[in-house]
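In: Here is my input, please return the structure:
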Amino acid sequence: MKDEELAGRLREAAEAHRPDRARMLARIERGMAGGPTAGTVRPPRAARPWLRVAGATAAVCGVLAAGAFAVTSAGDEGGERGGQVASAPSPRPPSPSPSPAAKAPAAPGGLRPEDGPLWTGGVVDPHSNPYWAQSNVTLRTTEPLSSLTVELRVAETGGVNSTGSWRSLPEPDFTVSVNESGGYLVYRWTLRPGRSVPAGTHTFAGQYNHAEGDRDATGDYVTAHAVRASGGKAAVGDRFGRAR
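Out: You can find the predicted model right below:
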């Protein structure tokens, strides 16, 4: 048999080799005790070439087996362990704190849109045009009112003059006035004595001409002062936004 063929078979045998851990440990212990064991036969010096190849292959197998023993021993410490190392998750960056919501400026007198059972809001009607506008006031109450005064102030931004007004509540229940005061066109609806406003949502509107073009309504605002039928007062106010 040629040396190359023998070497090939030995390599195949080495690759298929499965080390016997118990026998290897016994041999290591005997080696540490010193001296060859009884019955151990050393090969003669003048060994044939195929024996030298076999010896080299056996040495390689011994190194591989020792490495496998070391890896297996390390894996036995502290119980069974998986073959993968889990890395610690990266800490998440702190979430940015949400910015506080901006509050619309209060109406004059520090009035806000809601007070107890009463709420109001003002908006320019979407059917307004570059020459004429209508300001809508919504008033909502969860309780009947025995007294109510609603006041709409339209800033004199140029060419502002009244063309009328209306309300969703019965006309005979209110007195209505329109006048100019302190740079505003002022609409005022006042509940007549002995009348009442039922719980619900009600509308008041002022109509007016203005100078040609887009009109800035940010200076307009509405206020409402009421007395509840059950007793107690409430006051609300709201500013308008920019509109035509």
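
In: Domains in this structure, by residue range?
Out: Split into domains by automatic domain parsing, the chain comes to 3-33+49-76, 114-239.

In: As JSON lines, those with distance to Ala106 would be great.
Out: The C-beta positions use only the backbone N, C-alpha and C, and glycine is treated the same way. Formatted as JSON lines, those follow (distance: least, C-beta to C-beta, whole Å):
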{"stretch": "domain 3-33+49-76", "distance to Ala106": "73"}
{"stretch": "domain 114-239", "distance to Ala106": "7"}
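
In: tell me the most buried of these?
Out: The highest average neighbour count among the domains of the chain, using mean count of other C-beta atoms under 10 Å, belongs to domain 114-239 at a mean of 17.

In: Mean pLDDT added to the domains of the chain, as JSON lines?
Out: Shown next, in JSON lines, are these (pLDDT from 0 to 100):
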{"stretch": "domain 3-33+49-76", "mean pLDDT": "51"}
{"stretch": "domain 114-239", "mean pLDDT": "97"}
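
In: Relative to Ala107, which of these is closest?
Out: Nearest of these to Ala107, taken as C-beta to C-beta: domain 114-239 at 2.9 Å.

In: quick one, phi/psi of Tyr131?
Out: Phi and psi for Tyr131, reported as degrees, to the nearest 10, are phi -120, psi -20.

In: Leaving out chain neighbours, which residue sits closest to it?
Out: Glu212 (5.9 Å; C-beta to C-beta, 6 or more residues apart in numbering).

In: quick one: contacts for that neighbour?
Out: Glu212 makes contact with 130-131, 159 under the criterion C-beta atoms under 8 Å, 6 or more residues apart in numbering.

In: cutoff 10 Å now
Out: Neighbouring residues of Glu212 by C-beta atoms under 10 Å, 6 or more residues apart in numbering: 129-131, 158-159.

In: The residue nearest to Arg195 when sequence neighbours are not counted and Leu148, how far apart?
Out: Nearest non-adjacent residue to Arg195, counting by C-beta to C-beta, 6+ apart: Asp173, 4.3 Å away. Asp173 sits 9 Å away from Leu148, going by C-beta to C-beta, to the nearest Å.

In: Overlap of the contact sets of those two?
Out: Taking C-beta under 10 Å, 6+ apart as the criterion, Asp173 and Leu148 both touch 189-191, 195-197.

In: which SS class is the residue nearest to Tyr131?
Out: coil (DSSP: H, G, I helix; E, B strand; the rest coil).

In: Doesn't Glu5 belong to a strand?
Out: No. Read with three-state DSSP, Glu5 is helix and lies in no strand.
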